[in-house]
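S.K.: Please find the sequence and the predicted model below.
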Amino acid sequence: MSNPIADPGHGHSPAAWTAVVIMLLGFSVGTTAFFLDIPVVVWVGVALILIGAIAGWVLSKAGYGAKGPKYQPKAH
């Protein structure tokens, strides 16, 4: 019997981890700067979030995504 809802494999690749770490850093920087009322650094945090999304997309297209040829899943 086949599983109709198959795991797409998202979130377990170098592309996903890189994107999430960069975007989490951007969110943390932006939130801290917002709390400390430093608008320029808030925008740096926003830019880091966008850079993280772009980095994840680029790495995915380069083959480091969940279905990419350069990704090798680890056995659990």
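M.R.: Received the coordinates, thanks.
S.K.: Show me where this protein has its helices.
M.R.: 14-35, 39-59 (DSSP state H).
S.K.: wait, which of the ones you listed is closest to residue 70?
M.R.: helix 14-35 (8.2 Å; CB to CB). Backbone N, C-alpha and C define where each C-beta goes, glycine included.
S.K.: and residue 58, how many neighbours?
M.R.: Close neighbours of residue 58, defined as other CB atoms under 10 Å, add up to 13.
S.K.: That one and residue 43: what is the separation?
M.R.: Residue 58 is 22 Å from residue 43, where distance means CB to CB, to the nearest Å.
S.K.: Show me where the chain dips below the pLDDT cut-off.
M.R.: Scanning the chain with the threshold set as pLDDT under 70 gives 1-11, 73-76.
S.K.: which residue is nearest the middle of it?
M.R.: residue 19 (2.0 Å; CA atoms, centre = their mean).
S.K.: Next one: that one from residue 49, what distance?
M.R.: On the measure of CB to CB, residue 19 and residue 49 end up 10 Å apart.
S.K.: before we move on, back to that, make JSON lines out of the helices of the chain and add distance to residue 69.
M.R.: As requested, the helices of the chain are arranged in JSON lines below (distance: least, CB to CB, whole Å):
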{"stretch": "helix 14-35", "distance to residue 69": "12"}
{"stretch": "helix 39-59", "distance to residue 69": "13"}
